[in-house]
Structures are given as C-alpha cells and as structure tokens.
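S.K.: Give me a 3D structure for the following:
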Amino acid sequence: MTELPLIGEPIAAAADASGARGLAGARIGVVTFPGTLDDRDAARAVRLAGGTAVELWHADKELGDVDAVVIPGGFSYGDYLRAGAIARFAPLMSKIIDAANSDAKLPVLGICNGFQILTESHLLPGSMIKNDHLKFMCRDQVLRVENSNTAWTLDYEAGQEITVPLKNQDGQYLADDKTLDALEAEGRVVFRYVGFNPNGSRRDIAGISNAAGNVVGLMPHPEHAVEPGFGPESVGSGGAGFGGSDTDGLGFFTSVLTKIVGGDK
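M.R.: Coordinates of the predicted model:
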C-alpha cells in the first residue's frame, strides 16, 4: 500500500533541491520530564512539518546535535511546589538555558507546562499562576499572532488569527506593569487571546518571547492542531497557508525549520 506523504515532505524536497540543508535533516529535540504528557504529540508535529524529532530525557547531561528544542506540555513532577519549578532544575535544562542564551541562540519553544518551565528558568519573564476561575480549562481557543518575526512564527502573518486547543489549570500569565510595558514596547507579546480570556492572563497575553526571538512560550497547544480532521472544530482564518483551522498549529514547526535552513523573512 502506498503511504500518503507527510505535509512537510514537499517543503523538505524543495529545500533539498535548492542546495540548502534539507528540512528532514533538521533535528528538533523534544524533552520528556516525569509527568510530561504531550511529548509524542510534539514529536509527531515535528515530523509532519518535515523535520526529525529527537527524544531528549530530562536527566541527559548533553543536548547532542539538535537544531532546536521543544519543551512540551503536561504536569512535570506533578506540578508540585509550582508548575515547572522542579523541572527547571533538571540537568538538561542547564544545557538548554546556556544554548538559548549563547551566540548561536538555539530556538526553544515551551508549550503550556513548557511555558511554565521557561518562566521558572528565567528564559522568559513573568510567572504562571492558577486560572482566575480556579478551574481546569479545556477548549478550542482563537489566538492573534502579534509577532511573526520569532523563530517559531515566521510562517504566520502579524494580525493573523489561528485556532488551537488550550488545556490548563495554571495558565494565568502574571507580570508587574513595568515588565508588561516592556514586553509590549519591544514587540515580545507573540500571541494574544481573542474573544475570550480563558485564564485571566494580564493583557490577554497567550504567549511571549525573549528579546532575541529564539525563545517562545505559550499556553495553548499548537501540536494538537497539525493534521486535517484531527484539530479544532471551530473555524479560524487558516494557519501557515495549510487551509483550515485543523492545521493552524503546524506553522510553529514549519517556522523553526524555515529558520534552521536559513529562510528568514
């Protein structure tokens, strides 16, 4: 039986034909902590985009030969103490922090619990606390792309609205007014909730970046909106040109591959 091609295969073939490093050769590390739930989903999203997913364990002493890292969602260490607070001290996190802050500026994406870990490790400012309604929230969520120039948003347009699933209980983004003002002034608010703020996050912020734009964290789950027929049912404007909200999240993963092969906007 002939297998259907992955969505990213035509993109990878075009990159190979142009003489650039092929997308399939781009290695995206996906970190697993005790309590991680969405590592396999993130790895599948990487493969659907055309890259190679590399399993990374929290206790690893080295990152190895990876071009980017995804810290996926879940409940690392049961969210004891604070969500992401214990995972921040995992041996591999020190390597990720160093690589993200190095001259090479390793692209790092933190999703949900991964976002919480990025704030706890101070790769991103602010912190995450309980939802303002104190309940677990699970829904399809519309987001507006505020910054399309990060390593993880190159395949989106500024102002574009996308729909991806959201599921969290510690999803309220909190920072002091000085930090929030700086994020706004520097264009580091990457995503904002549209129509409904599901957790009380300040200024409807759903995701932010560091100053260099290589580190991005967000609460909603783009890895759950990467395949036709298996994504959100609500209709968005269509993400990354893949024609429909089912695949609105795929642009995160094609964007970083674009970045890796040198195809910045």
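S.K.: Read off the pLDDT value for the closest residue to Gln141 other than its chain neighbours.
M.R.: Distance criterion Cβ to Cβ, 6 or more residues apart in numbering; nearest residue to Gln141, sequence neighbours excluded, is Leu166 at 4.0 Å. (Each C-beta comes from the backbone N, C-alpha and C, glycine too.) Listed pLDDT for Leu166 reads 96.
S.K.: Which strand or helix spans Leu166?
M.R.: In this structure, Leu166 sits in strand 161-168 according to DSSP states H and E.
S.K.: Which neighbours in the sheet does that strand have, and how are they oriented?
M.R.: strand 137-145 (antiparallel) (DSSP bridges).
S.K.: With only the CA atoms kept, save the partner strand in PDB.
M.R.: Provided in PDB are the C-alpha atoms of strand 137-145 (Å, rounded to 0.1, in the frame of the first residue of the first chain):
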ATOM      1  CA  MET A 137     -10.000  24.800  31.300                       C
ATOM      2  CA  CYS A 138     -10.100  22.800  28.000                       C
ATOM      3  CA  ARG A 139     -11.400  24.500  24.800                       C
ATOM      4  CA  ASP A 140     -10.500  25.500  21.300                       C
ATOM      5  CA  GLN A 141      -9.000  28.900  21.600                       C
ATOM      6  CA  VAL A 142      -8.600  31.700  19.000                       C
ATOM      7  CA  LEU A 143      -5.300  33.500  19.100                       C
ATOM      8  CA  ARG A 144      -4.000  36.600  17.300                       C
ATOM      9  CA  VAL A 145      -0.400  36.500  16.100                       C
END
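S.K.: starting at the chain centroid, how far to that strand?
M.R.: Put simply, strand 137-145 sits 14 Å off its chain's centre (Cα atoms, centre = their mean, to the nearest Å).
S.K.: What residues of that strand count as buried?
M.R.: The neighbour-count check on strand 137-145 (16 or more other Cβ atoms under 10 Å) flags 140-145 as buried.
S.K.: Quickly check those residues for the two that are furthest apart.
M.R.: The largest separation in the buried residues of strand 137-145, counting by Cβ to Cβ, is between Asp140 and Val145 at 16.4 Å.
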